[in-house]
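> Any chance you can model this:
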Amino acid sequence: MVPVLFKKNKLIEYDVTIFQTPKFGDGKGYKAVYRLMIPAKNHEDALYQTFRKFNIPDIIPEDYSARYIGTGDIILIDEGKRGQSYYQLQPGGWTKINRIHVR
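Down below sits the predicted model:
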């Protein structure tokens, strides 16, 4: 899907997929648990918006059945023809990783 640019707020719709392991703390066995579109200014803002949406109980989507986003979880930001970026939550914040880490 191609990102859509909103001229008024200058937000891009990012296609975001959350990957988690079956058990918190595992290093292997990542599976996609949820996919959604997030309006954001850039990747950093998209990561912030996604983390916020899935860690505040009042705003978690009703059809989301996985756990809160935590250390080790991976977020894929897919920009269609512009490429894909994978980020893993580390103790110091989000770190860009290679696709090979997602199995």
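
> For stretch 61-73, what is the distance to the chain centroid?
Relative to the mean C-alpha coordinate of its chain, stretch 61-73 is positioned 10 Å out (C-alpha atoms, centre = their mean, to the nearest Å).

> who touches that stretch?
Stretch 61-73 has contacts (C-beta atoms under 8 Å, 6 or more residues apart in numbering) with 18-21, 24-27, 33-34, 36, 50-51, 53-55, 75, 88-91. In this view, the C-beta of every residue, glycine as well, is placed from N, C-alpha and C.

> Look at it and report the distance between its end residues.
For stretch 61-73, the first-to-last residue distance is 18 Å (C-alpha to C-alpha, to the nearest Å).

> Just the mean pLDDT for it, thanks.
Throughout stretch 61-73, pLDDT has a mean value of 93.

> In contact with the residue nearest the centre of the chain: list those residues for me.
Taking C-alpha atoms, centre = their mean, the centroid of the chain lies closest to Ile75, which sits 3.2 Å from it. Ile75 sits next to Val16, Thr17, Ile18, Phe19, Leu47, Thr50, Ile69, Tyr86, Tyr87, Leu89, Trp94 when contact means C-beta under 8 Å, 6+ apart.

> can I assume it sits in a helix?
No. Counting by DSSP: H, G, I helix; E, B strand; the rest coil, one finds Ile75 to be strand, located in no helix.

> Got a ChimeraX select line for the buried ones in the contacts of stretch 61-73?
Selection of buried members from the contacts of stretch 61-73 for ChimeraX, criterion 16 or more other C-beta atoms under 10 Å:
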select :18,19,20,21,33,34,50,51,53,54,75,88,89
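
> hang on, the earlier thing: identify the residue nearest the residue nearest to the centre of the chain in space, chain neighbours excluded?
Tyr87 (5.0 Å; C-beta to C-beta, 6 or more residues apart in numbering).

> can you tell me the helix or strand for the one you found?
Using DSSP states H and E, Tyr87 sits within strand 84-90.

> just checking, what packs against that strand?
Contacts defined by 3 or more C-beta pairs under 8 Å, 6 or more residues apart in numbering; DSSP states H and E place strand 84-90 against helix 43-53, strand 74-78, strand 93-97.
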